[in-house]
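Sharing a model that was predicted from the sequence below.
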Amino acid sequence: MEVALVAVPMAAVALTRRWVASAHRHSILVQCDEDATRLKSGIGRAREVKAYCGAADPSKKRLPEAVHRRTGATCAETDQLESFQVQANYVLSEFCRISPAAQVVPRPFELDCLWLQCARIPPAAVSASIQQVLSFEDGIPEWQPRLRALHALLHIIGKGGTYGEAACEAASEMRPLLNYYFTEFPQCRDIALKVLASLNDEMSAHL
């Protein structure tokens, strides 16, 4: 059986290629606009958080940086601290990242896996990474990563020891921020309240 070949004019081929290229450029531009909008929204949310926390407690200093450099630390020590902070940031960002198939409220095994990863990183770096996520410093405006970060914070507080102490200290510094989540985010209200309650329990235990 012979197959008849239809000659396609070169002008039509060129026109099709131009159309595909134009559609591809349009798709890229649309995605760039969406990314820019989300980034601006995230930056605006971070400013709102800082303004709220400042209004709630004017004497409160700015949320702590990733890991404070110790006075007199050597270059090697500083590099090691920064390396640990990079690891902590990666672990927390992966845990808080929401994929289409993921469940927003973390399941117990997810929290256990997070704990196993965090246990290899200094407590201060882990707590600082949680603070970064909760203060919208990642530029992402959605509430879902914050809810997961709050669950991570509560889980680590419950572990006790040096990690629990570091998490409690970080949560105490973030009390105005926790109040912000309780009042402004209905989705995060319950878990924010649990974190605040755990802080009160820790304070009562030390009285």
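Looks like it came in fine.

what about the helices in this structure?
10-56, 75-96, 108-118, 123-134, 144-159, 161-173, 175-184, 189-205 (DSSP state H).

so the fifth one versus helix 123-134, what angle?
Going back to what we said before, that points to helix 144-159. 150 degrees (axes from the mean of the first three to the mean of the last three Cα atoms, to 10 degrees).

ok, now the shortest one?
Orientation note: helix 175-184 sits at an angle of 30 degrees relative to helix 123-134 (the same axes, to 10 degrees).

and the end-to-end length of stretch 136-149?
Terminal residues of stretch 136-149 are spaced 11 Å apart (Cα to Cα, to the nearest Å).

Quick check: buried residues in that stretch?
Residues of stretch 136-149 classed as buried: 136-138, 140-141, 143-149 (neighbour count, 16 or more other Cβ atoms under 10 Å). Placement of C-beta: from N, CA and C, glycine included.

which residues touch stretch 88-100?
Here stretch 88-100 makes contact (Cβ atoms under 8 Å, 6 or more residues apart in numbering) with 66, 104, 106, 110, 114, 117-118, 121, 125-126, 128-130, 132-133, 138, 142, 144-146, 148-149, 152.

re earlier: reformat the buried residues of stretch 136-149 into a markdown table and put distance to residue 184 and pLDDT next to each item.
A markdown table is the format used below for the buried residues of stretch 136-149 (distance: Cβ to Cβ, whole Å; pLDDT from 0 to 100):
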| residue | distance to residue 184 | pLDDT |
| --- | --- | --- |
| 136 | 12 | 88 |
| 137 | 17 | 84 |
| 138 | 18 | 75 |
| 140 | 16 | 80 |
| 141 | 13 | 83 |
| 143 | 9 | 92 |
| 144 | 15 | 93 |
| 145 | 15 | 93 |
| 146 | 10 | 94 |
| 147 | 13 | 95 |
| 148 | 17 | 96 |
| 149 | 15 | 96 |
